[in-house]
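**Student:** sequence and predicted model, in that order:
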Amino acid sequence: GSGYESLLSFCSIMNMPCMSKTAYYKQVDNILEALEDEAEEQMKKAGERLRQHILNENPSKSKDETLEAAVSFDGTWAKRGFTSLTGVVFVISVDTGEILDYHVISKTCKKCEMKKVKCDNDDEFQEWLLEHHDCDINFAGSSPAMESEGAVVMWKRSVERHNLQYKWMVSDGDSKAFSAVENIYGDEITVEKLDCVGHVQKRMGKHLLNLKARTKGKLADGHPIGGRGRLTEVKIKQLQKYYGLAIRQNTISKSSPSKRDVDLAVYAMKKNIIAILHHRVKLEDCSKQHRFCPPGESSWCKWQQDKTSGTSTYTDEGCLPGVFLKVLKPTFMTLSDTKLLERCVLGATQNRNERVNSMVWVRCPKHKHHGVKVIRCAVASAVCHYHTGAASRLKVLERLNTPRGASTRQAAQVKDQQRMKKSDL
C-alpha cells in the first residue's frame, strides 16, 4: 500500500532500475485480479462448508434448497470520522466463523478526477467515461450510509452466491443496516436482528456509570452512591463481567433454535441476572440474599457450596450495602428485557469482524491515503489470509504464474506455525 513512489525510492537505494509508472499500475491490476479471484474461491468454499454444517444439523432439509443462516455484519472505513470516501463491509458466518462475502464501497475515482482536468469540456469527459473507463465510484450517499448500502448489496446476492438467506443478522445495537435489509427477501422471510453479546455486556457498565453520575446527594442509608465499599468503577466492571457471563453461559449452539429452546435460554439468563444482583448486595438474611443462586457443590456461589458441603468458606466482603438492591434493580430489570435477551441466545459476537477489519488496515494504514484499488487489494488479501493464513500467498503467486521456491513455502509455513502457536497460548 505504499505506492509507486516508495517502489521508486527502494529501487534507487538498491541501485536497481525501476519499472515505469504505466507498467507498475498494470501489475497492480494483475495482482488485484489474482487476489480477488482467490478471495472469491475461498468464500465460495466457505459457503459450501456452511451449507454442509446446516444440513448436518437439519437432516430433513434437501441439499438443493435455500437454507437460512446466521451471520455477523460490520462495516469499516478507510478514514476515521464521518468523511471517508471508501468503506468496506463484511458478512461472516456465526456457525463456522468464515467470511461469506464482502463489498468495497467508493465515492471517488482517481482516474475520473485526472481525466476531467485534461478534458476541454464536460461532453468530452462523458464520452470518455462511456467508452473507455470502468469507474470506481459505486455509491453517492453519505459516508455513514455506506454500511447500509453494503448490507443491501450482499443480502441481495446471498442466494445467488451461496443459495443461502441471511435470516439472522448480528450487528451493532444502533445499526441502520438492519432496517435496510429487514424485508429484503420479501414476504417469504423476515430478517431477524441479533445483538453482539460483547456490546450488550458493555451496556451494563454504561448504564451503571450513568446511574452513578445522575444520582446526586445521599442514599437512604445516609451515604453517597460512590466511595469506598460503594458503587466504584471496580464494582461496575465486576457487575458488567458477571452480566456477560450470565448471558454467555446460557446460549444455544444450534443454528436454527426452536421457540422452546429460545424461551428456556432466556429464562435461564434472566434467573442468572437477577441472581447476580442479589448475590452482590448484602442482606441480613443470607438465605434470602442467595435464593436465586444455583444450588449444589458445583455452584459459583460460595454460600450455596457451603450449604451443600457443610463448609464455611463464604464471606460477604465486597458486597454492596443493602440499600443498593432498590437502587440497582431498575437497571438490572431493563437489561434483562425478554426481547433484548432473545437477540443474544446464539451468543454471537462481532469479534471476527473486528479481527478482519484490523487485518485490512494493517495492509493499508488509515493514517495514509490509499486509492480504491489498493484498498481492494488489501481487503482481498485479508480475506485470503483470514481463511488459509500465509499459505494463501502461494496460491495467489500460482494465479500470477510466478515461481514459488522452497524458501517461499518454508517462510509461509513458519509464519502459520507461529500464528497457531500464539493462538494456543
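**Tutor:** Structure received. Residues are numbered from 1 along each chain as shown.

**Student:** and the strands in the stretch 101-250 of the chain?
**Tutor:** Here the stretch 101-250 of the chain has its strands, by DSSP state E, counting those that start in this stretch, at 164-171, 192-195.

**Student:** partners of the last one, with directions?
**Tutor:** For strand 192-195, the paired strands and their directions (DSSP bridges) are strand 164-171 (parallel).

**Student:** hang on, the earlier thing: and the strands of the stretch 101-250 of the chain: which comes nearest D306?
**Tutor:** Set against D306 and scored by Cβ to Cβ, these come closest in strand 192-195, at 36.3 Å. Backbone N, C-alpha and C define where each C-beta goes, glycine included.

**Student:** mean confidence score for that closest one?
**Tutor:** For strand 192-195, mean pLDDT is 90.

**Student:** so of the strands of the stretch 101-250 of the chain, which one's packed in deepest?
**Tutor:** Per residue and on average, the most neighbours among the strands of the stretch 101-250 of the chain fall to strand 164-171, with a mean of 22 (mean count of other Cβ atoms under 10 Å).

**Student:** contact partners of that one?
**Tutor:** By Cβ atoms under 8 Å, 6 or more residues apart in numbering, the residues outside strand 164-171 that reach it are 47, 50-51, 66-74, 91, 94, 100, 154-155, 158-159, 177-178, 181, 185, 189, 191-196, 346, 348-350.

**Student:** before we move on, the earlier item: can you list the strands of the stretch 101-250 of the chain in CSV and add distance to S62?
**Tutor:** Compiled in CSV, the strands of the stretch 101-250 of the chain are given as follows (distance: least, Cβ to Cβ, whole Å):
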stretch, distance to S62
strand 164-171, 14
strand 192-195, 23
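
**Student:** how far off centre is the helix of greatest length in the chain?
**Tutor:** If you go by DSSP state H, the chain has its longest helix at helix 21-57. With Cα atoms, centre = their mean, to the nearest Å as the basis, helix 21-57 stands 20 Å off its chain's centre.

**Student:** cool, and stretch 343-355?
**Tutor:** That offset, for stretch 343-355, works out to 6 Å (Cα atoms, centre = their mean).

**Student:** give me the mean pLDDT for that stretch.
**Tutor:** Taken as a whole, stretch 343-355 has a mean pLDDT of 91.

**Student:** what do you get for stretch 69-76?
**Tutor:** Here the average pLDDT along stretch 69-76 is 92.

**Student:** go on, stretch 94-105?
**Tutor:** 94.

**Student:** can we start the residue count at 875 from this point?
**Tutor:** Renumbered: residue one is now 875, and that last one reads stretch 968-979.

**Student:** how long is it from one end to the other?
**Tutor:** One end of stretch 968-979 to the other measures 24 Å (Cα to Cα, to the nearest Å).

**Student:** so where do the helices sit in the stretch 875-1024 of the chain?
**Tutor:** For the stretch 875-1024 of the chain, the helices defined by DSSP state H, counting those that start in this stretch occupy 878-887, 895-931, 984-992, 996-1006, 1020-1030.

**Student:** which residues does the first one contact?
**Tutor:** Going back to what we said before, that points to helix 878-887. For helix 878-887, contacts defined as Cβ under 8 Å, 6+ apart pick out 891-893, 895, 898-899.

**Student:** and those residues as CSV, adding neighbour count?
**Tutor:** Output for those, formatted as CSV (neighbours: other Cβ atoms under 10 Å):
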residue, neighbour count
P891, 6
C892, 15
M893, 14
K895, 12
Y898, 14
Y899, 15
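
**Student:** low-confidence ranges in the protein?
**Tutor:** Scanning the chain with the threshold set as pLDDT under 70 gives 875, 1006-1007, 1047-1049, 1297-1299.

**Student:** which strand runs longest in it?
**Tutor:** Criterion DSSP state E: the longest strand present in the chain is strand 941-951.
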